[in-house]
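**Q** Make a model of this:
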Amino acid sequence: MRYPSSPRWLRVPIAMAILACVVVVVTGCGSSSSSSSTTSTTAAASTSATASTSTASTASTPTKSPVTVGLETAVGSPVDSHPYTQPAARAAVRAVNARGGLNGHPVKLVFCNDQSNPRMAAACARTFVSDHVVACIGCHSLSDNLVQPILAAAHIPMIAQQPVSAQTFNGANMYLPQGGSIVAYEVAIGYALHRQGGHLGVAFANVPAGQAFEQLTAAIVKAAGGGSFTTKVPVPPTTSDFSSLAQLAQGGGTHQLLMLLDHAQYEPLMRAILASGGGLSNYYSTELTSQKDVNGFGPLTDHLIVGASFPPSTTPQMAPFVNDMKQYGGPPIDNVTLENDALPWVALQVLSKISKGMNEINGATVMAALNKAKGIDIGPMLPVWTPSTPGPKGFSRLSNPAVWLKAYKNHQPTLLFNHPIALSNALAGKF
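**A** Here you go, the predicted model:
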């Protein structure tokens, strides 16, 4: 199955295929590679397939020895590409340095483009080790199962990572202040059942990973008091005829549909349902891939409900991040790409909080501080976070499982609630 432009879809079912027996919160089932092209450059370097180092000039220059942080993601890959994440991270570094750095230490950023290639991903991790980074900030790699053990062995924490594999969801060096895609789907289930009258069906990719994901969400529906899905719509990954699927999607008295699909299949399925003379009240998804995708839905956008780690960029809750991006030369702010682009900034806020008073800042001391920290206030976009809080079974490092719920009006996102929704509350009907 090919997922040309859906990093969030890729992220979820890969983990679900590995963890098919796990039901988050509710239950469980018991108990030599080639290197990437890396060079060290100045802050003006482009986002090519290299590692680049940027040091920001600041209004209040830190005076102690510099510390280095790492960012790994893919740029230019046909499978998974995040061209704005590095510019956002560089702006976040400039903002931190303008405030005195990390306890007086200026921050340098090493960026590595793994191009969604497993060998290059591992090489990026080795580069971070050799460069003595104190943390990997907001990293995202489709091969994080190779990256995580290399960094763990070097005692390098991964803060605000976008996890893909079961290994990273449970790695001892993983620190996740954001809810992410898995939590978003499950909070959406709680909302559909308890606030929108139930009658929830599901459309899922008819491949092993999609089937496993459907089974997990079915168990969540049952545990949340919803019984079972009113209909199940297996969607072949290469189908071009959605008419019969549209009829099935409306069977069993279905009023709402959970979309466990490649984002490219959302619109044709939704349009086929509308063309059949029917129509459903709500379609539930994780965040889409771009504002262009949102605009392409036309009036159907008004029926989308999305779970996301962050609220829209236009809300007061996102003002600290947005202001830093504007003041320190960040990229254009997209309500959709926030899911990736804000994470390095979040990680640096965490580092700023925990490094106060630290005599020495390195990977090991940062991990020790994270393990001891309680009630880290990152800002209004995320709940107060204690990193050592155990996550759900099978996702032990998912220590802050809460997301924002958004609807759309005239293609623009609006919050359904003025606060993030914790997973346990959503499944209990508490919003």
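
**Q** chain center to stretch 183-196, what's the gap?
**A** 18 Å (CA atoms, centre = their mean, to the nearest Å).

**Q** The nearest residue to residue 399 once chain neighbours are set aside and residue 164, how far apart?
**A** Among residues not flanking residue 399 along the chain, residue 389 sits closest, at 4.3 Å (CB to CB, 6 or more residues apart in numbering). From N, CA and C alone the C-beta is placed, and that goes for glycine too. Distance, residue 389 to residue 164, by CB to CB, to the nearest Å: 22 Å.

**Q** Which one's more surrounded, the two?
**A** A side-by-side neighbour count of residue 389 and residue 164, using other CB atoms under 10 Å, places residue 164 first with 24 against 12.

**Q** doesn't residue 142 make contact with that one?
**A** Yes - the pair residue 164 / residue 142 is scored as a contact, 5.8 Å apart, by CB atoms under 8 Å.

**Q** show me what contacts residue 154?
**A** The contact partners of residue 154, taken as CB atoms under 8 Å, 6 or more residues apart in numbering, are 128, 129, 363.

**Q** got a list of contacts for stretch 139-151?
**A** Here stretch 139-151 has contacts from 7, 10, 14, 70-74, 79-80, 82, 85, 114, 116-118, 121-122, 124-126, 128-129, 136, 157-158, 161-165, 167-168, 171, 173-174, 340, 343, using CB under 8 Å, 6+ apart.

**Q** taking the residues you listed one by one, which sit in helices?
**A** Mapping the contacts of stretch 139-151 onto helices (DSSP state H) picks out 7, 10, 14, 85, 118, 121-122, 124-126, 128-129, 167-168, 340, 343.

**Q** Not including adjacent chain positions, what is the nearest residue to residue 357?
**A** Nearest non-adjacent residue to residue 357 (CB to CB, 6+ apart): residue 103, at 6.7 Å.

**Q** Can you lay out the contacts of residue 154 as TSV showing pLDDT, neighbour count and distance to residue 193?
**A** Below are these laid out as TSV (pLDDT from 0 to 100; neighbours: other CB atoms under 10 Å; distance: CB to CB, whole Å):
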residue	pLDDT	neighbour count	distance to residue 193
128	98	29	43
129	98	17	46
363	98	21	43
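
**Q** can you list the weak-confidence ranges in the chain?
**A** By pLDDT under 70, the weakly predicted segments of the chain are 1-59, 288-290, 336.

**Q** For it, list the residue farthest from the centre, please.
**A** Ranked by distance from the centre of the chain (CA atoms, centre = their mean), the top residue is residue 277, with 35.8 Å.

**Q** Is that one located within a strand, as I assumed?
**A** No - assigned with DSSP: H, G, I helix; E, B strand; the rest coil, residue 277 falls outside any strand and is coil.

**Q** you'd agree residue 202 is up against residue 232?
**A** Yes - counting by CB under 8 Å, residue 202 does reach residue 232; the two are 5.6 Å apart.

**Q** where do the contact lists of these two overlap?
**A** Counting by CB under 8 Å, 6+ apart, the residues touching both residue 202 and residue 232 are residue 214.

**Q** Please identify which of the two sits among more neighbours.
**A** Neighbours per residue (other CB under 10 Å) separate residue 202 from residue 232, with residue 202 holding more: 26 against 18.

**Q** what residues are up against residue 171?
**A** 148, 149, 152, 158, 397.

**Q** and the host helix or strand of the first one, how far from the chain's centre?
**A** So the one you mean is residue 148. Taking DSSP states H and E as the criterion, the element that holds residue 148 is helix 144-153. Using CA atoms, centre = their mean, the mean C-alpha position of helix 144-153 is found 18 Å from that of the whole chain.

**Q** Next: stretch 416-429.
**A** Counting by CA atoms, centre = their mean, stretch 416-429 comes out at 18 Å from the chain centroid.

**Q** Just the C-alphas of that stretch, formatted as CSV.
**A** The C-alpha coordinates for stretch 416-429 follow below in CSV (Å, rounded to 0.1, in the frame of the first residue of the first chain):
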residue,chain,number,x,y,z
LEU,A,416,-15.2,22.2,20.0
PHE,A,417,-13.9,22.7,23.5
ASN,A,418,-11.6,25.4,24.9
HIS,A,419,-9.3,22.8,26.5
PRO,A,420,-7.6,19.6,25.5
ILE,A,421,-9.6,16.4,26.2
ALA,A,422,-7.9,13.7,28.2
LEU,A,423,-8.4,10.2,26.8
SER,A,424,-9.7,8.7,30.0
ASN,A,425,-12.3,11.6,30.3
ALA,A,426,-13.4,11.2,26.6
LEU,A,427,-14.1,7.5,27.0
ALA,A,428,-16.1,8.2,30.2
GLY,A,429,-18.1,10.9,28.4
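
**Q** Next, the buried residues of that stretch.
**A** Neighbour-count burial for stretch 416-429, counted by 16 or more other CB atoms under 10 Å, picks out 420, 421, 422, 423, 426, 427.

**Q** go on, stretch 122-132?
**A** 122, 123, 124, 125, 126, 127, 128, 129, 131.

**Q** Then stretch 400-417?
**A** 400, 401, 402, 403, 404, 405, 406, 407, 408, 411, 413.
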